[in-house]
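Next come a sequence and a model predicted from it.
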Amino acid sequence: MRTRGAFQGPRSDQFKPETVPSPVGGLNAFDSLVAMPETDAFIFQNWWPQPYGCSVRKGYVEWSTGLPAAVETLAVWPGVTGTSTLFAWSGTAMYNAQARGPIGPPVVTGLSNARWETAVVTNAAGSRLIAVNGLDNPISFNGSVYARITSGDGIVPNTWSGFNPQLAAQLTVHQRRLWVVEKDSTKGWYLPPNAVQGVFTVFDFGALFSRGGFLQFLSTWTIDDGSGAADRLVAVSSNGEAVVYAGTDPNNAATWGLAGVYAVGSPVAGRRGFTKAGGDLIILTARGAVSMSAEIVSNQAQDSDRPVESNKIQFLLSELTSLYSSFNGWQLSYFAPINMLMINVPSVVEGGNIQLAANQITKAWTQFLGMDAACWTQYQGLPYFGGYTGVIYRAWTGFVDEVKLNNTGGFPIVSLVQQAYSYFGGRSNVKQVGLYRPLFVASGLVSYTSSIVYDFADNLQVIPALLLNGAVGTWGVSTWGSGRWSGGSSVQQSWNSAEGLGSAVSIKMTMVSDTDVLWVSTDYSLIQTRGIL
């Protein structure tokens, strides 16, 4: 006869070494903690997921200082001989920020604000940067002359006819034509091919906006539908409809026609919530980062593998868009040289802007803290961002944050992670981790503290929602410095002790680093108990 509380079944204890890859699957805010793949993480801050491991994100350095206010716009004139120029808008002026150092005098003054949208038009006369803001006369730069575009006959240089240039709120180049969006309307306006001035023709998208709203932005989307690649014009409404046109000449019905209308979700505030990534157009909406290529697949075959690029972070992104969708500062960018898709997320907290970024090779997401960016652009093959204190920064550079112009100072980068739970092959088995060791490849001094958590205890609620430079969460039982080393790049691993037991095991870790760090995997020395206690 068995008595309550007595041993009720066979039990066998066995030692079992295990190795789990670092969370190369990236941030997961979609799956439940029970079903989440062990190569994902539900806290993943300032790590960059790669196919072979996770590295601490790179740092940033001051590029230009002394601008009078927040740098709300950055744009690049590509040049004609390989020499490009970086421009910045701050306060009521435009600045040339081509060279690193204190900013020089403004090149254009008397502006209403610092939020401008830009496009580059290239024709036989060269390359021209055009900037609009829906209030002021547009700015034109051809490599040597800064001009203001005004109303006129379209023949006199830098004049537009048929459309008030002060109402131009956004612009794009499609099939060699300059298109502009008329502010607070459903109208787009276009010039003849290769023209930067002349007589505009109107095209009203309003009849196709069944949900109402105004025309928020226009963009070009390259699609291969089986008959060869072709550019489509995409008009996105403020209420979340994307109208797609195919063809070359809007004046000729034989070569221009409606290709489809898609419900993509309401876009975030501003006119920077889209980007071209390869041949795809990605739009940032309440649904997430929506792939137009996948939308086509979904509508044609009723089966889209990836209609939303941000599926794994959708709940997090939906919460952020619900809270801050009306705020300025949203921007979707694609940095091709580092295969990074980035969402800049504004905040009500000073210094609180964050970024959600995806490795476009693996589609793994992460969260960046410590870069309080008002805007982004790509210059000289790297991301640059404008700060709120009149400073332009070059990002993805070095291994510390906010290095000064004289190459002094800088803050170590603080990274946090809690990896998804591992069952090590048996959900019913009780495990006790005796020792564990993260395996790093690093080129310098690193400090981290870590601990082992069992069975979904001590999770998200203990993690600070915002981590500013210099602030470190008090995590775990290990002593700071237990993972220190120095010297050349090498494999580094040291055992840490753990306490407790349970059926599911997770590692959480805070790291402070000022060097190149790659986290490859974690080894566990554990005892598994089989049977019922």
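Now that the structure is in, tell me what you want to look at. This structure is a prediction, so every number in the text was calculated from the model and none was measured.

Lowest mean pLDDT among the helices and strands, pick that one out for this structure.
helix 292-301 (a mean of 63; mean pLDDT, DSSP states H and E).

dump the residue contacts of V234.
Taking CB atoms under 8 Å, 6 or more residues apart in numbering as the criterion, V234 is in contact with 218-221, 242-244, 281, 292. For glycine as for every other residue, the C-beta is placed from the backbone atoms N, C-alpha and C.

helix or strand right after the one helix or strand it maps to?
Using DSSP states H and E, V234 sits within strand 229-237. Moving toward the C-terminus from strand 229-237, the next helix or strand (DSSP H and E) is strand 241-247.

circling back to that earlier point, apply the buried test to the contacts of V234 and list what passes.
By neighbour count, with 16 or more other CB atoms under 10 Å, the contacts of V234 hold 218-219, 221, 242-244, 281, 292 as buried.

Distance of S325 relative to S238?
11 Å (CB to CB, to the nearest Å).

Which neighbours do those two have in common?
If you check S325 and S238 against CB under 8 Å, 6+ apart, the residues they both contact are S266.

Who is the residue most central in space within the chain paired with across the strands?
Central residue of the chain (CA atoms, centre = their mean): M342, 1.1 Å from the mean position. Applying DSSP bridges to M342 gives these bridge partners: S333, A357.

got a pLDDT number for it?
pLDDT recorded at M342 is 97.

Now do the contacts for it.
332-335, 355-358, 376, 383.

Quick check: PyMOL command selecting the buried ones in those.
The buried residues among those can be selected in PyMOL (16+ other CB under 10 Å) with this line:
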select buried, resi 332+333+334+335+355+356+357+358+376+383
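
Looking at the contacts of M342, spot the one nearest A457.
When these are compared for distance to A457 (CB to CB), L356 wins out at 26.9 Å.

what's the neighbour count on S32?
Counted by other CB atoms under 10 Å, the residues lying close to S32 total 9.

Same question for the one 10 residues further on.
Neighbour count for F42, taken as other CB under 10 Å: 24.

Ramachandran angles for it?
Dihedral pair for F42: phi -100, psi -10, per degrees, to the nearest 10.

Hmm, M36 and it touching each other?
Yes. Assessed by CB atoms under 8 Å, F42 is found in contact with M36 at 6.7 Å.

any shared contact partners between these two?
28, 420.

Hmm, I392 and V61 touching each other?
No. V61 lies out of contact with I392 (CB under 8 Å); the separation is 10.2 Å.

Please identify which of the two sits among more neighbours.
Shown here are V61 and I392; by other CB under 10 Å, I392 has more neighbours (25 against 19).

What pLDDT does the model give the more buried one?
98.

Could I get the buried residue list for stretch 210-227?
Here stretch 210-227 shows 213-219, 221, 223 as buried, counting by 16+ other CB under 10 Å.

which two of these lie the greatest distance from each other?
F214 and I223 (25.3 Å).

how close does I282 get to Y146?
Distance of I282 to Y146, computed by CB to CB: 32 Å.

who has more neighbours, the two?
For the pair I282 and Y146, the greater number of neighbours falls to I282 (28 against 14), based on other CB under 10 Å.

Where does the prediction get shaky in the protein?
1-14, 224-229, 296-308, 458-489, 530-533 (pLDDT under 70).

OK, contacts around the closest residue to V391 other than its chain neighbours?
Nearest non-adjacent residue to V391, counting by CB to CB, 6 or more residues apart in numbering: T65, 5.2 Å away. Taking CB under 8 Å, 6+ apart as the criterion, T65 is in contact with 101-103, 390-392, 405.

From those, which land in strands?
101-102, 392 (DSSP state E).

Return the set of residues that bridge with the residue nearest to V391.
Where T65 sits in a bridge, its partners, by DSSP bridges, are P102.

now W48, what's its secondary structure?
Taken by DSSP: H, G, I helix; E, B strand; the rest coil, the conformation at W48 corresponds to strand.

Correct me if wrong: N123 contacts G198.
No. Look at N123 against G198 with CB under 8 Å: they stay out of range, at 11.9 Å.

Have a look at those two and say which one is more surrounded.
Neighbours per residue, other CB under 10 Å: of N123 and G198, the larger number sits with G198, 17 against 13.

give me every residue that touches that one.
154-155, 160-161, 191-192.

Take those residues and keep only those in strands.
Per DSSP E, the contacts of G198 map to strands at 160-161.

Stretch 214-232 spans what distance, first to last residue?
20 Å (CA to CA, to the nearest Å).

again with stretch 219-233
6 Å.

would you turn the contacts of M342 into a markdown table with distance to L439?
Listed next are the contacts of M342 as a markdown table, based on distance: CB to CB, whole Å:
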| residue | distance to L439 |
| --- | --- |
| L332 | 35 |
| S333 | 33 |
| Y334 | 32 |
| F335 | 29 |
| Q355 | 27 |
| L356 | 27 |
| A357 | 24 |
| A358 | 25 |
| W376 | 33 |
| P383 | 29 |
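
Closest one of the contacts of M342 to Y423?
Closest to Y423, out of all of these and judged by CB to CB, is A358, at 27.3 Å.

Now for the closest one: which residues touch it?
Contacts of A358 (CB under 8 Å, 6+ apart): 26, 309-310, 340-342, 364-366.

and the gap between it and K312?
9 Å.

likewise A195?
Distance of A195 to K312, given as CB to CB: 44 Å.

who's more crowded, the two?
K312 (23 against 17).

returning to that earlier point: where do the contact lists of A358 and K312 overlap?
26, 364-365.

Of these, just say which sits nearest to F274.
Out of these, the member with the shortest distance to F274 (by CB to CB) is W365, at 18.3 Å.

Contact partners for that closest one?
With CB under 8 Å, 6+ apart, W365 has these contacts: 26-27, 44, 49, 310, 312-313, 356-358.

Now A253: phi and psi?
Dihedral angles (degrees, to the nearest 10) for A253: phi -60, psi -20.

Leaving out chain neighbours, which residue sits closest to I452?
I452 sits nearest to A498 (CB to CB, 6+ apart), 4.0 Å away.

distance of that neighbour from S451?
7 Å.

Between these two, which contacts overlap?
Common neighbours of A498 and S451 (CB under 8 Å, 6+ apart) do not exist.

between those two, which one's more packed in?
More crowded of A498 and S451, by other CB under 10 Å: A498, with 24 against 20.

how far away is the more buried one from V441?
Taking CB to CB, one finds A498 at 23 Å from V441.
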